[in-house]
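Novice: Structure here, sequence nowhere to be found:
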């Protein structure tokens, strides 16, 4: 039984689901194709269990591994900048950053909290092999430096420089860990939409998932409410759902995406894309449950994310937003 059911209170996952459902009901630029959900769910193959790429991520002792994933998910954003990113051969933007950080950990050990608190954009560019002469990359490295500096200062001030501190303080609750992380502005993934506060907390949720995978659900990876996670709302899962015919975009929005125009962070269009994706995945999960297949939204995120690596999806343009949230 989940914390929310035990206490009767609404946790962050209830708030995300309720807000995204409301956005989907009010949306003018994105429509969830409810009529296609049942058939899509029935045809959806069983996905592989969530997993981490051992070659592109870092694993050391417990403290080092926690430090790696806390640091990585502090900067697990920038998809709107990735067309300008100098990517490693055969790697996406995300894996380029993950592997660059892993190399740094293997060569020099984890960043200390005080090192992160003092990090600069040029330090980030060196770590991730980026050229600061390109404006979008200069902007992204500045945001990375801000996120890492915030993280270092937060861990140093509240947890005596120990990256395990936030996880220990959360006491095996993903809900609580998200609350702790949201004290950092760039983790506070909650936006206004027509008078409604819409939370997503993509990166904070993803950290709990990454820790669960890294530690096989034990120790720092043990969260009693892990099954409560929603899909991790970014720009890839909505893209897959759109290509698969479950999300329908207005003509102006579709045209803007095809032209490669940036979709403004916090705009109605951008919020609707993310919220409708979250709600659509909830409908898929419910349809599967009705047919006797019990999967979590986290499982579906894994299935859809890996589907998005296929050529059919990579060959079509997805929305790009320059944001610190994904």
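Specialist: Noted; the coordinates are in hand. These numbers were taken from a predicted model, which means no experiment stands behind them.
Novice: So for residue 58, what pLDDT did the model give?
Specialist: pLDDT, residue 58: 98.
Novice: which residue sits closest to it in space, ignoring its chain neighbours?
Specialist: Leaving aside its chain neighbours, residue 58 sits nearest to residue 102 (3.9 Å; criterion: CB to CB, 6 or more residues apart in numbering). All C-beta atoms are positioned from the backbone trio N, CA, C, and that covers glycine.
Novice: Repeat that for residue 260.
Specialist: residue 317 (6.4 Å).
Novice: And the one you found, how far from residue 80?
Specialist: Plainly put, residue 317 is 13 Å away from residue 80 if you go by CB to CB, to the nearest Å.
Novice: Which residue of those two possesses the greater neighbour count?
Specialist: More neighbours surround residue 80 than the other of residue 317 and residue 80, with 21 against 14 (other CB atoms under 10 Å).
Novice: Give me the neighbour count for the residue nearest to that one when sequence neighbours are not counted.
Specialist: Once flanking residues are discounted, residue 80 sits nearest to residue 322: 3.7 Å by CB to CB, 6+ apart. Residue 322 is flanked by 17 other residues according to other CB under 10 Å.
Novice: Helix or strand: which one has the residue nearest to residue 264 when sequence neighbours are not counted?
Specialist: Spatial nearest neighbour of residue 264, excluding adjacent residues (CB to CB, 6+ apart): residue 270 at 6.4 Å. Of the helices and strands defined by DSSP states H and E, residue 270 is found in helix 268-290.
Novice: Report whether residue 233 is found in a helix, as I expect.
Specialist: No. Counting by DSSP: H, G, I helix; E, B strand; the rest coil, residue 233 is located in no helix; its state is coil.
Novice: please begin residue numbering at 46 from this point
Specialist: Sounds good: first residue 46 from here, last item residue 278.
Novice: Sketch out the low-pLDDT regions of the stretch 46-195 of the chain for me.
Specialist: 46-54 (pLDDT under 70).
Novice: same thing but 90
Specialist: Applying pLDDT under 90 to the stretch 46-195 of the chain flags residues 46-55, 91-97, 99.
Novice: in it, which spans are strands?
Specialist: With strands called from DSSP state E, counting those that start in this stretch, the stretch 46-195 of the chain shows them at 75-77.
Novice: same check, this time on the stretch 246-371 of the chain
Specialist: Going by DSSP E, counting those that start in this stretch, the stretch 246-371 of the chain shows strands at 292-294.
Novice: Residue 266 touches residue 254, doesn't it?
Specialist: No. Residue 266 lies out of contact with residue 254 (CB atoms under 8 Å); the separation is 9.3 Å.
Novice: Could you report the neighbour count for residue 184?
Specialist: Around residue 184 there are 16 residues (other CB under 10 Å).
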